[in-house]
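I'd like to go over a predicted model; first the sequence, then the structure.
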Amino acid sequence: MQWPGGLDRTRIAWWLIGLGLLVVVGQFALYFVGTLTFGLFVYYGARPVCRRIDRAVDHRGLAATLTLLAIVVPGLLLLSYVGVVAVRELTIALDPETMAALSERAAIPESFSRVLQDPASYVGDLDRLGALRDQLSAGLRQLGVVANVVVHLTLALTMSFFLLRDGDRVAAWFRKEVGGEESAAHAYLAAVDADLETVYFGNVITVSLVTVLSVVVYNGYNALVPPAVTLPFPTLLALLTGMATFVPLVVGKLVYVPATAYLVWAVLTNGADLLWAPLSLLVVAFLFLDLLPQAVLRPVISGRSLHTGLILFAYVLGAAYYGWYGLFLGPLLVVLAVQFLNVVVPELIHGKRITPAPSAALGLGHDPEEASSRGDEEGE
């Protein structure tokens with residue numbers, strides 16, 4: 001049935017229903033934005049490996065499972081283990097007063113610290129039902145935080161698994177029903193897809209290599225220098241150096257520069273003639289943990305990428321504004337914006353027909369037409 005003027009009431013009703021669903025789904029996605037962005041990061045970081053495994057086993061579901069079991073899950077377990085080791089080493093290194101202050105700032109119950117230090121005497125002190133109830137409540141709150149983290153992590157990994165397994169089906173459906181192979185929409189999303197893989201996968205490989213190099217450099221330094229100028233917690237510092245490599249230009253400077261400054265201060269304070277040791281560490285760290293990733297590893301691994309300054313602001317400002325998940329959301333927003341400028345904005349400004357061809361003036365990121373054709377070949 002049509003209204004006067006040729007308007008179809010049925011189509012308008014369906015559009016309104018679709019708009020309502022879009023609002024509801026958008027609110028849901030906004031609430032779980034951290035989980036969704038981390039899932040996308042895992043997906044793009046593991047997708048090139050999954051494709052190689054798929055060519056070997058010729059089964060997409062098995063390839064996705066092997067990818068998560070062989071790469072993603074061990075990596076997360078390693079991070080969890082290092083976090084536990086870091087807390088333990090800090091507990092050993094810091095005095096009781098400092099640990100008490102940190103516990104208070106972190107809203108850790110005093111009783112929880114007592115349980116860790118002397119569980120036998122703590123149990124003996126619980127002679128009242130009210131005290132026991134309070135301690136159980138505190139423990140349940142701590143378990144609730146841990147359970148919440150585990151749930152969101154499980155959802156992110158599950159999302160990445162289904163994307164690894166069924167991503168090509170989604171792309172094929174989009175090409176058939178929404179945007180054809182020669183459409184601007186398909187070119188735009190294909191370019192976004194290629195840029196995200198470049199940024200995320202390139203950074204995952206770079207971080208992994210820098211972490212391994214940092215372990216060798218820091219532990220090798222400790223093995224060669226006198227005990228008075230050794231690095232504290234070298235393996236933990238190596239992991240932190242690798243994580244800092246996520247941010248272009250900044251990279252390992254966030255870790256090895258303060259660590260070297262601490263060693264120089266220790267040498268000058270003690271009056272020992274060992275200044276050569278921290279200065280040697282500074283030079284080696286700059287060459288292998290800073291210059292090598294920036295000048296060699298990242299360009300070779302990533303190939304054509306977005307402007308380094310854009311990615312720098314994406315990581316730094318994304319994390320500063322959104323929190324931990326801004327580290328993954330920032331690059332996503334930059335890629336979406338850059339490819340929108342590449343494909344859509346010039347034609348909108350000049351009133352021309354929107355085509356898959358990119359703007360010659362911008363030239364950032366992957367070429368939409370090339371990404372579109374490459375995506376079609378991989379989807380076949």
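Cool, the structure landed.

Quick check: what element follows the helix or strand hosting Ala259 along the chain?
Using DSSP states H and E, Ala259 maps to helix 253-270. Counting by DSSP H and E, the next helix or strand C-terminal to helix 253-270 is helix 276-286.

which residues touch that next one?
217, 221, 225-226, 229, 231, 252, 256-257, 259-260, 263-264, 267 (Cβ atoms under 8 Å, 6 or more residues apart in numbering). Any C-beta I mention is one placed from the backbone N, CA and C, and that applies to glycine too.

Closest one to His186 out of those residues, please.
Closest approach between the contacts of helix 276-286 and His186, by Cβ to Cβ: Gly252, at 39.5 Å.

Would you mind measuring from that closest one to Leu292?
10 Å (Cβ to Cβ, to the nearest Å).

and what of Ile71?
Ile71 sits 23 Å away from Leu292, going by Cβ to Cβ.

List the buried residues of the helix or strand Phe328 falls within.
Using DSSP H and E, Phe328 maps to helix 326-343. Within helix 326-343, the residues scored as buried using 16 or more other Cβ atoms under 10 Å are 326-332, 334-335, 338-339, 341-343.

Which two of these have the greatest separation?
Top of the distance list for the buried residues of helix 326-343 (Cβ to Cβ): Leu327 and Val343, 26.3 Å.

Averaged pLDDT, stretch 317-335. What do you get?
Mean pLDDT, stretch 317-335: 85.

what's next to that stretch, contact-wise?
33-34, 37-38, 40-41, 192, 195-196, 199-200, 246, 306, 310-311, 313-316, 365.

Now with 10 Å, please.
32-42, 44-45, 152, 191-196, 198-200, 203, 243, 246-247, 306-307, 310-316, 364-366 (Cβ atoms under 10 Å, 6 or more residues apart in numbering).

In helices only, show me the residues you listed.
Among the contacts of stretch 317-335, the ones falling in helices (DSSP state H) are 33-42, 44-45, 152, 191-196, 198-200, 203, 243, 310-316.

the strands in the protein, which residues?
Remark: strands assigned in the chain by DSSP state E are 2-3, 7-8.

Before we move on, what's the pLDDT of Lys253?
pLDDT at Lys253 comes out at 82.

Check Leu40 too.
pLDDT, read off for Leu40, is 90.

can you count the residues close to it?
For Leu40, the neighbour count with other Cβ atoms under 10 Å is 20.

just His59 next, same as before
Quick note: His59 (other Cβ under 10 Å) scores 13 neighbours.

Could you pull up phi and psi at it?
Phi and psi for His59, reported as degrees, to the nearest 10, are phi -150, psi 110.

Look at it and report its pLDDT.
85.

Next: the one 10 residues further on.
Each residue has a pLDDT score; the one for Leu69 is 82.

Over to Tyr43?
Reading off the model, Tyr43 has pLDDT 90.

Repeat that for the one 4 residues further on.
The score at Arg47 is 89. That number is its pLDDT.

That one - how many residues pack around it?
Neighbours around Arg47, by other Cβ under 10 Å: 21.

roughly how far apart are Thr10 and Val178?
In terms of Cβ to Cβ, Thr10 sits 21 Å off from Val178.

typed the wrong thing, it's Thr198
In this view, Thr198 and Val178 are 24 Å apart by Cβ to Cβ.

and what of Val151?
For Val151 relative to Val178 (Cβ to Cβ), the value is 32 Å.

worst average pLDDT in the strands of the chain?
Among the strands of the chain, strand 2-3 carries the lowest mean pLDDT, a mean of 51.

would you turn the buried residues of helix 326-343 into CSV with distance to Arg55?
As requested, the buried residues of helix 326-343 are exported to CSV (distance: Cβ to Cβ, whole Å):
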residue, distance to Arg55
Gly326, 35
Leu327, 31
Phe328, 27
Leu329, 31
Gly330, 32
Pro331, 28
Leu332, 28
Val334, 31
Val335, 27
Val338, 31
Gln339, 28
Leu341, 35
Asn342, 31
Val343, 31
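
quick one: low-confidence ranges for the stretch 251-380 of the chain?
271-272, 296-305, 358-380 (pLDDT under 70).

mind running it again at 80?
Scanning the stretch 251-380 of the chain with the threshold set as pLDDT under 80 gives 251-252, 270-273, 292-313, 315-316, 319, 345-347, 349-380.

What is the neighbour count of the closest residue to Gly34 other than its chain neighbours?
Computed as Cβ to Cβ, 6 or more residues apart in numbering, the closest residue to Gly34 that is not its neighbour in sequence is Tyr325, at 3.6 Å. Neighbour count of Tyr325, defined by other Cβ under 10 Å: 19.

roughly how far apart are Tyr325 and Tyr315?
12 Å.

what do you get for Pro346?
27 Å.

ok, those two, which is more surrounded?
Tyr315 (23 against 17).

Distance of that one relative to Met159?
22 Å.

Equivalent analysis for Leu287, please.
39 Å.

More neighbours: which of these two?
Neighbour count, other Cβ under 10 Å: between Leu287 and Met159, Met159 has more, with 18 against 11.

pretty sure the more buried one contacts Val42?
Yes. Using Cβ atoms under 10 Å, Met159 is in contact with Val42, at 8.1 Å.

rewinding a little: select only the buried ones of the ones in helices among the contacts of stretch 317-335 in ChimeraX?
ChimeraX command restricting the ones in helices among the contacts of stretch 317-335 to the buried ones, with burial defined by 16+ other Cβ under 10 Å:
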select :34,35,36,37,38,39,40,41,42,44,45,152,191,192,193,194,195,196,198,199,200,203,243,310,311,314,315,316
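
Distance of Leu36 relative to Phe328?
Taken as Cβ to Cβ, the span from Leu36 to Phe328 is 9 Å.

so who does Phe246 touch?
By Cβ under 10 Å, 6+ apart, the neighbours of Phe246 are 203-204, 206-207, 210, 311, 315, 319, 327-328, 331.
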